[in-house]
Each structure stands twice: as C-alpha cells, then as structure tokens.
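Chemist: predicted model and sequence follow; I will ask about them next.
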Amino acid sequence: MPKRTDIHKILIIGSGPIIIGQACEFDYSGTQACKALREEGFQIVLINSNPATIMTDPETADITYIEPITPETVEKIIAIELPDALLPTLGGQTALNTAMKLKEMGVLDKYNIKMIGADHNAIKKAEDRKCFKNAMLRIGLDLPRSEMAYNMEEAKSAMKKIGLPVIIRPGFTLGGTGGGIARTEEEFEKIATLGLQNSMISEILIEESILGWKEYELEVMRDRKDNVVIVCSIENFDPMGIHTGDSITVAPAQTLTDKEYQKMRNASLAIIREIGVETGGSNIQFAVNPKDGRMVVIEMNPRVSRSSALASKATGFPIAKIAAKLAIGYTLDEIRNDITKVTPASFEPTIDYCVVKIPRFTFEKFPEAKDMLGISMKSVGETMAIGRTFKEALQKGLRGLEIGHIGLDSKQSYKEIPDEKIKQRLEEPNASRIFYVKYALQKGYSIEDLHGLTKIDPWFLENIKDIVDLEKEIAHYKRRTKKKNNLPAGLLLKAKQYGFSDAQIAELTGSNELTVRNYRKRHFIKAVFRLVDTCAGEFEAYTPYYYSTYETKDEVRLSKKKKIMILGGGPNRIGQGIEFDYCCCHASFALKELGYETIMVNSNPETVSTDYDTSDKLYFEPLTFEDVMNIIDKEKPDGVIVQFGGQTPLNLARRLEKAGAPIIGTSVKSIDIAEDRKKFSMLLKKLKISQPESGSTTSTKKALKIAKAIGFPVLVRPSYVLGGRAMRIVYDEGSMLEFIKEAKEVSGKHPILIDKFLEDAIEVDVDAISDGEITVIGGIMEHIEEAGIHSGDSACVLPPHTLGDDIIETVRKYTHSMSKALKVKGLVNVQFAIKQNTVYVLEVNPRASRTVPFVSKAIGVPLAKIAAKVMTGKTLKELGFTEEKKVNHISVKESVLPFSRFSGVDILLGPEMKSTGEVMGIDTSFGMAFYKSQIAAGQALPKNGKVFISVKNQDKRNIIFIAKKLEDMGFEIIATKGTYKALRSNNIKAESVGKIGEGSSAILDYIKKGEIKLVINTPSGEKGQSDSKPIRSAAVMRGIPCITTISGAQAAVNGIEATLKNDFQVKSLQEYQHRINVV
Amino acid sequence: MKAFIALEDGAIFEGVSFGASGERLGEIVFNTSMTGYQEIMTDPSYKGQIVTMTYPLIGNYGINKEDIESSGPKVEGFIIKEKSKITSNWRSEKSLDEYLKENNIIGIEGVDTRSLTLHIRTKGAMKGIVSTIDLNPKSLIKKAKNSPGLIGRDLVKEVTCKKSYKAEKILGTRDIPRLRSGQEGQGTRKKVIAMDFGIKYNILRCLMGAGCDVTVVPADTKAKDILTHNPDGIFLSNGPGDPAAVTYAIEEIKKLLGKKPIFGICLGHQLLGLAFKGKTFKLKFGHRGANHPVKDLKTGKIEITSQNHGFSVDINSLNKEDVELTHINLNDNTLEGMAHKKLPVFSVQYHPEASPGPHDSRYLFKRFTDLMDTYAKKN
C-alpha cells in the first residue's frame, strides 16, 4: 500500500523534560520519526519543551516549537500551523495524554485533524482500566482477577472472592499513595480503609496478587493491512512486583518453551487487533505463574516506549522509524530492513546473543528515601550490554553501570554480612539486590533458597552461580602470583567469556589491570567484535553495529578513512543526562560533515547516539578503560573525543592517553589543571582573577583547619564528581565532620574540596568555544536562584537580566583569559559568582556542559558541532563563528525535579544536584519566558487565588515588594506569624496561620483542600527546614508550585504579571533564529 | 570431553561434547529460531543433518514429553554455544543432556556457533562430521568429504512409519490445538490419509483440530491402496532430504492428482512440484527458522512462518497454465506455496503447523477442509 496522499503536514508531540519514567528514549524515537517522515516528503511540526534533545534541533523538524506541552499551547500551534494529522504515539504518556485532551476539547475535530498511528478509541481502550479489562475478556484472555470497591463492605466481599493475598490500589490518589499488598485479613482491613480514605472518589481496586510471577514483555508492530510482527521478547530478571523500568531485563525470553512463547505471541496479536492500534508499535506485558504456567495480561502501551527503544537497540530493528512509516500508509513488506538491505521489515528479528539491561538508580541523592523497589519507577537511567551469553552480558552491564562496580564483584566481603541482612536484602527488592544474590551464593545458599527468597527464576540464579564458582576458581591463583600472572590461559579465556573484566581478574589474583591486559594479549586472548544484524547471521549485514565478545572471528570491517572516536556518557544519571548525549551526537554529525568516519562508543540504549544511523560505526560497549581500549586497538582512530560525554569519558582521559590513545581537543594536562584545585588556584592567581577562598586535602584534620581559616559557611565536596554529588554547604564543625565522611566514600582517594560559600551571590554560567587562538562566548546565563544551589537545579536566563554591563564585561574578559591560559580547544564552561560587584570564578570545565544544548538553541548556533570541528584543527574563523551572538528574545531554562517519586524527601534545593531534566521557555520578555518555563516544568503559576508565604528573617525585607505585587494582582495572602507581621506593618493584607512546628496544621488543611495555589517558603536553619517540610511535601504531591528562594519568587511574580497582561503567544524556533540572523 | 566439528571444505570448529559420544556424519545446517530446540531436534526432516542453533543459550527450559514432534530426536548431531546447567520450567522433565544421552545423539557445546553459521552462509550448507573420538582434523575432514551427502539420497525411508496407524492412537485427543473459531472444519469429520515422509506430530494435531480423522500410511504406499480407503482428502507430509530421490512417491502422487483433494507441506510440496513436472533445486544454505516472511499472493497478507527446508521448487520450471503461485518468500523470492488451477491440489513449502514457530498460517488447515467440502459437494 503506497504512502497516504491525503495528509501533508503532521504534528508530532514530544515528551517534554526528562523525568523518571520518561527519559531520552523519546528523543530517540521522536528524532527517528521526524527523519523518517521528512524523508517521505511530509512537513513536520514539532512541539517539545525540552531543549536538550536532538529532536528540537532546528534541522530535525520543519517547524519546531519549544513551548510548554499543554493542550492549550498545542491548540495555539494548531491554529497557526493547521496540520492535517497528529501522530501522538511517539512522545510517551505526555503526548498521548495531550492528544486525548485535544480530542476531548474538540480541537482535533474543529481543525479537522486526523490522529494517525493510534486513534482516540484505541488509546482509551488501552489506557482505561475498565475498558482494557473488558476488551481482554472479550478475546478470551486471562487477567489478574480484580474487583472495584467503593466501601468496606464491597471491599471485603471482593477480597473473599479473590482470596488473599491481594493488592489494593486506590483510584485517583496523588503520587500512588495508600495502596499495598495484604496477606492477612487484618492487613487487608487496614490498607483498604486507608485506600478508601486516600482515594478522592473513595474507590479501590482489589486485585489478585501475582507478585513473584515471571514477567515478560513483547514488542508488537502492526500495519494497515493487519500484518503483525513481534520485534522482541523480554524476560524480567526481577519478577512481578517491581516496575519493569526498575528491573534487570533480558532479551530474548529465556525460560519459555516454544509452546508458551507462541501462546504469548498469539495473545499479543489478538490484543493489538482488539485494542485497535491501527499502525505502529505497542508494548504488551504478561505475567506467568511459574508453578503452572498460567498466563495473564498485565497491560498494554499503545505507543513506543522505553522498552521499544531497548528492543530496537537489542535487535537492530528501529521500531520508531518503522512505526512512523507505517503511520503514513506503508506496510511492513514495503519497508526495507536497513541492516540487511535485501530483506523486508515484515519479519521477526532473531538474535544470536543475549542482551541485559540494568537500571541505574540514584538513591544516594535522596538519603531520606529508602532504596526499596516497587510498582512505582525510581531509576533515572539504564545501561544495556550485549554478550554471547547471559553471564557475559550481565557482567558487562554491571561494569557499564558506572556505580563503581567492575562486574559482579564484591564490594563487601560476604563473611562480614550478617545472615539477617542478606535475607532482608533478598526478600525486599532493592537497588543492590543482585550483589546480595552473589553474597548469598558465596555463603552457600542454594538456588532453591534464593528462589524462595527472591522469586528470581532459577535459571538466572544458576547463571550467577556459574560466575561465582568461576570467580572462586580464579581466586585460587591469588597467592602464587605477585606481579606475574600465572592464570592458565584456558581459565583466563573462560573468565573473559563469562564477562570478567581485566580489573576484576586483577583484583581476584592480586595483580593489576594492565598486567592482566598485557598477559592476556600475549596469550592472544583478545576481544572480537560481532555484528548486531537482526537475523543471527542468516543474511549479510551492512550496518556496522558491534558488540565485543571472546570468540574466534572478528567481523569489523576496517576502512582506510580518517576516523574519530566519540566516547558517550553511559547510563543517564542525575548530573549526566541527555545534554551530553546531544553533544556526542552533534560531534558525530559535525565530523561526518568534514568527511571523517565517526565511531560512537556508548552503553545507553535510550539515546540517539546509540542509534545505528547516528555515526558511521556504533560500538555498544561499557565505557571502561578496558572496553574502550579494545576498540581503540582494533580501529586505531586518528582522534578520540572525551569532551562531550560528561564526566565518564573525562575520567578515562588520562589512562587512555597514557595507553597511547590520540585524545583530541583540550589537552589532558589542561583538564587536569582545571580539575586540580591547587593548580587551578595558581593559574587564577597568575591571571589575577578572584576565587572564593578555598583549600583541598585528603585528611579530615586538615579539612577542619582549612574550614576554620576560611570561616563558615563553607562548601565541601569531593573532586572528580559530576552533579555536585555529596556536596554540601556547612555551617559548623559538627556537620563538617559528617560530610567529610560521606565525601570520602564517594570519591575515594581524590581530595576533598573546601570553598568559602558566598551567601546571596548571583551565579552566572558561561559556555564558550576556543580554538586555541580566539575564544567566542556562546552564552552568558544568569541564575535565578542564588549561589549555593547547584547550577543544574537552578533556573537561568539568557541573556542576563539584572547584571550590569561592567560585570558582564568582566565575565567575558575572565572567560577569554582562562580559556587562553588553559589552551582550550573546544568547549569550555565557566561558573562565576557575583557578590557586591566582585566577580569570582567558581570553576572552569574544559568540556561540554549541561547547558550547551540550551545555549545553542537560544542563540541559534550549534556550539557542540563547531567545537567538534575545532578539535580537529579547524579555526573559529574558518568556521565563521567569531563573535558572540546578540539575541533580542529571552530564554529561560528551568529544571525539573523528581521529588514526587521519593516520598519523605525534602524538596529544598542545595549544592547537590537533584533534577532529572530541564525545559526551556522562550519569549520576548523575561516574565513571559519564565512563566512559560514554569508551565513546561509542570508547575504552572496561578493567576489568582491564595498564596501562602513563610520566609526566614533575612528575607522579610525582600518579600514585602513581592507580596505587594501579589496583592495588587488580586491574590489573597496567608502567612505565618513572623511573615504576617512584616506584611501587616507594610500595609499588606494577609491572613495569619500557625506554624507547624508550633502544633498547628491549619496550613496543611488549606493545601489538602486545594485552596492554596502557590507556596513561597524560605525556611532557615535545620529546625525551620524540618518544621516546614510537610508544607512543601504536601504542595509538591499536589502539583502546587512551591518556591523556596526569594529570587525565584521574584521571577514568579514577574511571570504572573506578564501573563495577566497578555495571554502568551507561541513562536517557532526557526522564526526566532531567523530573527537572530537578520539582526 | 573435547569434540570437533569438521566440514568438507576443511573448516574445523571445536567444542565440548554432551549427550552421547562417538562420531556422526551429516549435512551441517543452522536454525535461527530462538525457541523450540526440542521440536527441532525431533523433527524428522532433520534426518541426515547436524543442526547448529544460532541462539546461544539452549536447554534452559529442559525437555518435556508433550513437545516432541516424532518418536524421538532425529538430528544426527546438535551444536550449540552454551548448554544450560539446570532446567527451569514447570513442564520440564529432564535436561537436554539426559535426553540426548538416552537417545544416543551427540551434542557439542562451547562452539563459536556464529562463526560456524557465517561460514555456512557464505560457503553453503555442506557435508560435515562431529566426533568425540577422532580428534585428528585431517582425518575428520577426509571422512566428511567421503560421506554420501544429501543429494540423490532417499532419507524418507529411514523415518517413515513401517505400518499405517490412526493418528489419535499415537497422540490421543489431548493437546489438540483448538484452532481459532471459524477455522474448524464445517460439517462432519473428514477422513484423511496422510502419507508419512517423516511427518511431524503437530501436523497431525492440526489436522485433527481442523476436524479430520487421520490415518498415517508409509511413504511407499501405493495410490490405489490409498484410494481404496476412499478418503475425503490426502495429505503429503514433510520429510528429510532430496525430493528427487523419492521417485516412488512421486509416481504414486501423480496417480493421485485429481482423484482426491490433496494438501502438501514441505517435502510434500516439493514432491507435488515434481509430480507437476517441475524441478527442484538445492538452496545454498536453506531456510531454517521461525521468522521468515511469506506473502499470500491472493490476499497480500504477510505470514511469519516456520521453515525447515534445504531444497526448493523452481518457480520457472512450473507450467503456469496449470499451476498458480500462491505464496512467495519475501526474503529471497523463492516459492513458498502453489495450487493447481484445475485440480483440487495445493501445497506450501513452509510449516503452518509451526512447532516451533508462529501460528500465523494455521488457516491452511481450514483451507484444506474447505477444499474437501467443496470437492465433496461437486462430486
């Protein structure tokens, strides 16, 4: 069936900021779709509020709106662009929900816009619990038995029918609170009562418990002619009860016979047909009772998903790209398989390797939250590893996770862990359970014991036991070896085939990584690279997508072209996310333009960088010294770029260079100067640039001495970490000691840094490019929150809106002189603090920063691309970028925080980064741009209603002006006593409420009743913070904007004022950028 | 125990043996299905072949008694990357290792199966040998070279039944696939004679599920003996080896054409091709897997099919006035199905009974019962 001719212009909705559960996999799918549809001649209109995406690059879609993703905004865009069709299945739940809302609002009908891919009915059928259940029953499929109840009586009768244990899920609660599993009648009564209370409509679902069952996912595709294929099957290592995003997952399914697999396949075909997803991909989840094989359907997502991105990377079958082509009328047999070129896409990929995905958690960022896993997703990223066996893939995955493990290693000695702790860590799913499986095996637990405790399938456990057994065998060679390695070659080969890293073998044998590496090379035990080819070798593959293993044949086709290797950032985490992947992709695009062969190395399946289309070659490998050197040995690239992937590749730079890798761009020596406090201080002194007083040391005693000399408050942090991990502002000696201890855990031998903390300073970020000769500033960003709040969590505005010209000039001058002194070749990011008209340098990072994509979009210049070209020797003059761009629109970046996922965590911002993503608001005034950024970040500012204000003493003077403005705009103010007094004495009307710390819960009642529309709360001291925490938590859980800084409140007032004057307008990025160039 | 695989072109692969020990000759082929090793091993079409599984982790879910496709394993040897040490499935009764030992089949694990597969893909399926006793590469290669190979060899006689039998006698009536509603044969049950060239149990199950009472007869049964049963239809089964070598069956099939509705699968399809005076040829490395796209030329629909064949009917050799091409393989455009334009005869090259593989093509069994219905009405 040829492509549709009744549509020409298609609107695609992106997924917005990176949040837990919705990450850069939607940039990958959205970018693929845009490319695929434009190839076919369609005009693409895109809306996405996330600037750090490839999809919002002005080249990706024809018309790009970086605007808040709300039905109202999309309606505005529709009114301007008049698209024929809306493709809602590529932007995650956000896009799906927005599209549904547009349909319900009548917008789609009004403008005669067709929903393609999945229509309103299909989405409703899949998403609405009741509709879905009925649909499944209609086609004869089994589900967990369940019933709705609206009061205790109904609940009890439902429980009796279903039989304990049951799961209780309250409907319409905030943040999924109040549910749980009941094993006894008492437990049931307790949880059901609470559930009925928590549900806004007093509704609970009582469901048969299938915890501990085997969990599977199938990725299904359907075309207009009703051809259906399964792209990939996935089996979860962690059984039912743990969100699949938080589970270790394995592709393909390992423990299903063909009969059972086909039953699941048949069910999937029936489901996609019954739900009525006309074209495109869906993800269907099943649970299987390990005792008798009973199979039940869990859910279906009628769209591309995190799992579909994983399936695409795991098989080489690009689901989103194909889904886009199917949506415009092609059938599967009309689309070629890119990898084989000769066979069509109407087939089911078959693989001859094992894929393991491991989630990456950041519980260490939220010490108040327990690292327990359940049905609500907590992980912030993932890594994928490919091996010829599960054992190999698992160990590669664990070292690719970059959490300090070099495989399935032993961070602790099993002998030191008490049995109860092991049992508890096995029974209660948690982020490090896999290591406890290992400890338990070392302690002699049987597979049956372990299965009983964890419900993990015995097949997986047995494979882990194989690893543990081999480890023992290797360790046997420890004592007899000092420096020389006498591990038998056969055993060494087996160890490599089991996925052991050189570092792991070194640790076990008392050697070091390089010795092991050289020893094995002498014995010709080298990694070979194999192709991901969708067909298990049946057809020739043309796409060079590789993984390493230890076998006989290497399939790499080496070219004679000049090559440059780009090291990616590995799994997403807080502090290192999509922004760095964006930069890596840009480097690849830029170097291709210059005629280089580009080689991407990365282990993150969610990203655009690991799309086999992005670079000339893709190595899906962990970013460790060993794995990267294996590729360098094979490819012998002319250059290796470590600047773009964040701290991960930067941390490898020194060792890689020492091993002979040709690192290009800013020298490793310069990187070291910038990161070494002492060397950097000396440099600044030489350049006569001020810096907050500081010191660094590895000793606790000295640290205290330094702090006293500088004077509290001080900022303490470990060196060589990204995202302000373990960074704190410390006001006294006691807390100082506490944080030093933690800092040491994080950064090991690296020193601890101590800086004078500049209270109430304004922070400024600069991104610039230098070619060694000249430096050109990309953008100067003024932070909205004051210094002390991590730059990644702070909102910022470009260009600066309160700084004087002389200050900005100083910032420029310093940036130039430091870049020159460090001989920067490529990107550089500088952080400044401005206090009482003095410009202090906080840090210089001679690498891509988190703000590069934001700045690039704000100024209309692809900074990362230019930087990549500079690194190969081009000058900025040659590239035509010699002057800072002047822009007359305002861009605001706002961060998005994951607090609602971690109950019990305070939302106060600090020097440790906590945000998962960012949004951009663009407009001609600061107020409007800020207002847009707040909507985009999911905290729309109110236009009327009650505002709660409670500020610390030192803010009382500054709050007056803000409160006055609010009063003038018609808001009612509620304040705690102190703040109330301050307002009253300035003739501002307010209502007084008691403080929580003093026993009053009046304010919480207000929030719970939904009467408060905005919270401004700047608590002081530890007591103030803990007293007011329930207020902030209650606000966040209900999606009420909660501002914790005066500068933030000021910005909010600006925003509200702007929007009260005029409703906001939308404008495309291309139009903004056109104006820059006209200027 | 160390074991070797030697190919007639001199290639040697090494592994560790499991199952039985000894030495076996056979054609070395690969199967790309990720599930169904038990069904594959017991498929009689693999007689004379040593099968390499491209999926590296095999034996995970063990062996059960329901999933066999014939009386026992038929492969000459079984080559894999990694054998599971335990079995994990509620239906599992024994391990792959035990099963191969019991049935005296050599298994080899620890083999770089991807390299072996790539070798066969580029050089073609070829004669080979697996051995746990002779570990001298030169001697093994010589043995492989001197082995008879598949071309011109009648392997059907080694797997066909000795005496005719009623299908339900062997299979019982349990585990008969309930073909989706609308696919069951209409009206009364049909009497079908199945010529056994190495028939898979699941074909019998599917026929029974479609409403047929099936009597299985040996491959050398004469046409007149079949017709004396006065069946409603005749089924020609799958089977191993070179179709051109099964001359006796081709002759009898010619006599059956036009007498009764006929449905052929795999070797049965190839024999029909030869009976239609077409030609068959050997594919470079065959089709063995569970993911091959086949297009039904009448409806335009795509089926994901289960395949296992090394020979194919040459499209150009068929007389298009008599024979209609009904199905085509979208990977390499080879013939996957045909029907006679005047006579009630049709066949497919692939395996609608699956086992292992997708169930997309089960409708063909209904097509067979429909054909019997129309034929009965006409006559």
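Modeler: Received it, and whenever you're ready, just let me know what you need. Numbering: from 1, shown residues only, chains lettered A, B, ... in the order given.
Chemist: flag the shaky bits of chain B, pLDDT-wise.
Modeler: By pLDDT under 70, the low-scoring segments of chain B are B:173-187.
Chemist: and the residue nearest the centre of it?
Modeler: B:Ser45 (4.0 Å; CA atoms, centre = their mean).
Chemist: so that one: helix, strand or coil?
Modeler: helix (DSSP: H, G, I helix; E, B strand; the rest coil).
Chemist: how near is it to chain A?
Modeler: 16 Å (CB to the nearest CB, to the nearest Å). The way it works is simple: take the backbone N, C-alpha and C, and place the C-beta from them, glycine included.
Chemist: which residues sit in contact with that residue?
Modeler: The neighbours of B:Ser45, taking CB atoms under 8 Å, 6 or more residues apart in numbering or on different chains as the test, are B:74, B:198, B:200, B:238-240, B:266-267, B:308-309.
Chemist: of those, closest to A:Pro1019?
Modeler: B:Asn308 (71.8 Å; CB to CB).
Chemist: now do the helix or strand harbouring the closest one: which elements does it pack against?
Modeler: Following DSSP states H and E, one finds B:Asn308 within strand B:302-313. Under the contact definition 3 or more CB pairs under 8 Å, 6 or more residues apart in numbering or on different chains; DSSP states H and E, strand B:302-313 sits against strand B:23-31, helix B:267-275, strand B:280-296, strand B:335-340.
Chemist: residues from the stretch 101-250 of chain B in reach of chain A?
Modeler: The stretch 101-250 of chain B comes close to chain A at residues B:112-115, B:117-118, B:121, as judged by CB under 8 Å from any CB of the partner chain.
Chemist: farthest pair in those?
Modeler: Maximum distance among these (CB to CB): 14.0 Å, for B:Asp112 and B:Arg121.
Chemist: thinking again about what came up before, helices - which of the residues of the stretch 101-250 of chain B next to chain A land there?
Modeler: Mapping these onto helices (DSSP state H) picks out B:113-115, B:117-118, B:121.
Chemist: adding neighbour count, write those out as a markdown table.
Modeler: Formatted as a markdown table, those follow (neighbours: other CB atoms under 10 Å in any protein chain shown):
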| residue | neighbour count |
| --- | --- |
| B:Thr113 | 28 |
| B:Arg114 | 27 |
| B:Ser115 | 19 |
| B:Thr117 | 24 |
| B:Leu118 | 21 |
| B:Arg121 | 18 |
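Chemist: you'd agree A:Ile935 is in a strand?
Modeler: No - counting by three-state DSSP, A:Ile935 falls outside a strand, being helix.
Chemist: just checking, it touches A:Pro71?
Modeler: No - at 11.6 Å, A:Ile935 and A:Pro71 do not qualify as touching, with contact defined as CB atoms under 8 Å.
Chemist: which one of those two is surrounded by more residues?
Modeler: A:Ile935 (24 against 16; other CB atoms under 10 Å in any protein chain shown).
Chemist: and residue 205, how many residues sit next to it?
Modeler: Looking at chain A here, since you left the chain open. 20.
Chemist: please refer instead to chain B.
Modeler: 23.
Chemist: which of the helices and strands packed on strand B:302-313 sits closest to chain A?
Modeler: strand B:280-296 (4.1 Å; CB to the nearest CB).
Chemist: so what does that closest one touch, helix or strand wise?
Modeler: strand B:23-31, helix B:267-275, strand B:302-313, strand B:323-329, strand B:335-340.
Chemist: measure the closest residue to chain B within the stretch 651-800 of chain A to A:Phe625 for me?
Modeler: Going by CB to the nearest CB, chain B is nearest to A:Ala659 of the stretch 651-800 of chain A, at 28.2 Å. Distance of A:Ala659 to A:Phe625, given as CB to CB, to the nearest Å: 8 Å.
Chemist: more neighbours: which of these two?
Modeler: A:Phe625 (21 against 15).
Chemist: does the more buried one really touch A:Arg655, like I thought?
Modeler: Yes - between A:Phe625 and A:Arg655 there is a contact under CB under 8 Å: 5.0 Å.
Chemist: tally of neighbours for A:Cys131?
Modeler: A:Cys131: 14 neighbours (other CB under 10 Å).
Chemist: and for A:Glu998?
Modeler: A:Glu998, neighbours per other CB under 10 Å, totals 9.
Chemist: what does A:Glu186 give?
Modeler: 9.
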